[in-house]
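Undergrad: pasting a predicted model and its sequence here:
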Amino acid sequence: MGMTMEEGIITSWLVADGDTVKAGDPIAEFETDKINATVESPADGIIGGIAAAIGDPVKVMAPVCYLLEPGESTPTGDAPPASAPAAAPAPAAPPPTAVAVPAPPPPPTDGRVKATPVARKIAAERGIDLASVQGSGPGGRIVAEDLDTPAPPAVVAVPVAIANAVVQVAGRIKSSPFARKLAGEAGIDLAGLTGTGPGGRIIGADVTVAAAAPAPLSAPVATAAGSGLAFTGVRRLIADRMVESLATSAQLTLVSEADATAFVGLRSELAAQYESTLGFRLAYNDLLARIATRALTEHPHINSRLEGEHIVQLPYVNVGLAVDQENGLIVLNVKNADAMQLIELAVAFREVIGRANDGQLTLDDVTGGTFTITSLGPMDVDAFTPVLNPPEAAILGIGRIQPKPVVVENEVAVRQMLTLSLTFDHRLNDGAPAARFLQRIKQLIEHPYLLI
């Protein structure tokens, strides 16, 4: 759900253990520090072994439930949900007696107490015998809430980052993953904050405000001569994603310089013409997205991806824009950009950027891109080697536009020059076809009237 996602929070279960679902049925809702999204069932089956409670943070790739075949048990050994069809006909019930005494539920097939994986983890951490706990889950299964007893007092002080994580699970303080990260780094106890996010949820801004407040006077504390930044959290996650991208593709970067004088002039003219009606000024990225879309429709081999043993050329263009937000890098994309004119594309980008700023991004906003544009021009970077956004086949890096003396028709003139950096996957495209695509980008920048 973005390059820096570490965990999500289950906000709602739309199904229960034992429910039968079809492929595409919504089964749960979750949120991250960037988006709110719905999880759909990938196939037909029966829901079983729901392990993540509402409000619990769940790490990326951690299981939250199982999708079972009729009669199948979960990998943890739990019996199939009550509503699952039995593998064989059950024996007929005995005739009623004068005094009906309900029989205890049968023990699990593996001889273990029935409990969710989360409950087992908590019990192991706290030294609780599950056999002594009364389960409140489906079929008497022990869930995390059944173990909500105070932990034994700690002998040593607990770091704030760990304390905040414990409070989040046990005390159900609503906070975003980004807020918890900031709180841990700043040494702030989330229990003392008031959330301003949806439903009173503590967000990053709440922690930032608290961190900026004057700290109470205290005795000076001796510090070490040096300090280090822990290679964890978002920084570690970005590093892992970058290494993964480089390790799983053959990346090569081509660099070209374009005369952007006419491009700059057109942008200034259009920005002034449409500002009053649009409510914003057209940006260089709007024009670049339109140019890239045109070039991709003319060079579909760049608008492709590797699926198994096949290189698939996609019949649509979904243009992504890399955006650096306070909570990490994210690529926002506009679907079916090839069917849009310049103004439509600009409006669509403003809408998705607005959702990002409001914390209302959806799953569709951050997935399904076919080509990405990333710009470091505003930071005065001339050229760089962008890293692919898998599974896309290429990414275009945009440097700064700056005046330079160049030779035009045997005369030296000052022109607005722009450096382009195209990184592509050499497994899917050779150098010459990729160079022709970059050449077309350059041509459209130098002669933007060709877009008409």
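TA: Cool, got the structure. Numbering: from 1, shown residues only.
Undergrad: what are the buried residues along stretch 343-350?
TA: Residues Leu345, Ala346, Ala348, Phe349 are the ones in stretch 343-350 that count as buried (16 or more other Cβ atoms under 10 Å). Yep, even glycine has a C-beta here, placed from its N, CA and C like the rest.
Undergrad: cool, and stretch 196-205?
TA: Gly197, Arg201, Ile202, Ile203, Gly204, Ala205.
Undergrad: list the residues that contact the residue nearest to Asp19 when sequence neighbours are not counted.
TA: Sequence neighbours aside, Ile47 is the residue nearest to Asp19 in space, at 4.7 Å (criterion: Cβ to Cβ, 6 or more residues apart in numbering). By Cβ atoms under 8 Å, 6 or more residues apart in numbering, the contact set of Ile47 is 15-21, 27, 65-68, 81.
Undergrad: can you tell me the element Ile47 falls in?
TA: strand 45-48 (DSSP states H and E).
Undergrad: in its sheet, which strands sit next to the very next helix or strand once past that strand, and in what direction?
TA: Using DSSP H and E, the helix or strand that follows strand 45-48 in sequence is strand 57-59. With DSSP bridges as the test, strand 57-59 is paired with strand 7-13 (antiparallel).
Undergrad: between the buried residues of stretch 196-205, which is closest to Leu388?
TA: Gly204 (28.5 Å; Cβ to Cβ).
Undergrad: returning to what we had before: any chance of JSON lines for the buried residues of stretch 343-350, columns distance to Leu418?
TA: Formatted as JSON lines, those follow (distance: Cβ to Cβ, whole Å):
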{"residue": "Leu345", "distance to Leu418": "19"}
{"residue": "Ala346", "distance to Leu418": "19"}
{"residue": "Ala348", "distance to Leu418": "24"}
{"residue": "Phe349", "distance to Leu418": "20"}
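Undergrad: export the residues you listed to TSV and tack on pLDDT, distance to Val366 and secondary structure?
TA: Listed next are the buried residues of stretch 343-350 as TSV, based on pLDDT from 0 to 100; distance: Cβ to Cβ, whole Å; DSSP: H, G, I helix; E, B strand; the rest coil:
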residue	pLDDT	distance to Val366	secondary structure
Leu345	96	18	helix
Ala346	96	19	helix
Ala348	96	14	helix
Phe349	95	14	helix
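Undergrad: scan the contacts of Ile47 and report the most crowded one.
TA: Asp17 (25 neighbours; other Cβ atoms under 10 Å).
Undergrad: is it fair to say it lies in a helix?
TA: No. Counting by DSSP: H, G, I helix; E, B strand; the rest coil, Asp17 is located in no helix; its state is coil.
Undergrad: so Ala183 sits right up against Val209, yeah?
TA: No. Counting by Cβ atoms under 8 Å, Ala183 does not reach Val209; the two are 11.8 Å apart.
Undergrad: pick out whichever of these two has more residues nearby.
TA: With neighbours defined as other Cβ under 10 Å, Ala183 and Val209 compare such that Ala183 has more, 28 against 12.
Undergrad: so how far is Pro42 from that one?
TA: The gap separating Ala183 from Pro42 is 35 Å, by Cβ to Cβ, to the nearest Å.
Undergrad: domains in this structure, by residue range?
TA: Residue ranges for the domains of the chain, per automatic domain parsing: 7-86+110-147, 250-451.
Undergrad: by mean pLDDT, show me the worst of the ones you listed.
TA: The weakest mean pLDDT among the domains of the chain belongs to domain 7-86+110-147, with a mean of 78.
Undergrad: quote the end-to-end distance of it.
TA: 23 Å (Cα to Cα, to the nearest Å).
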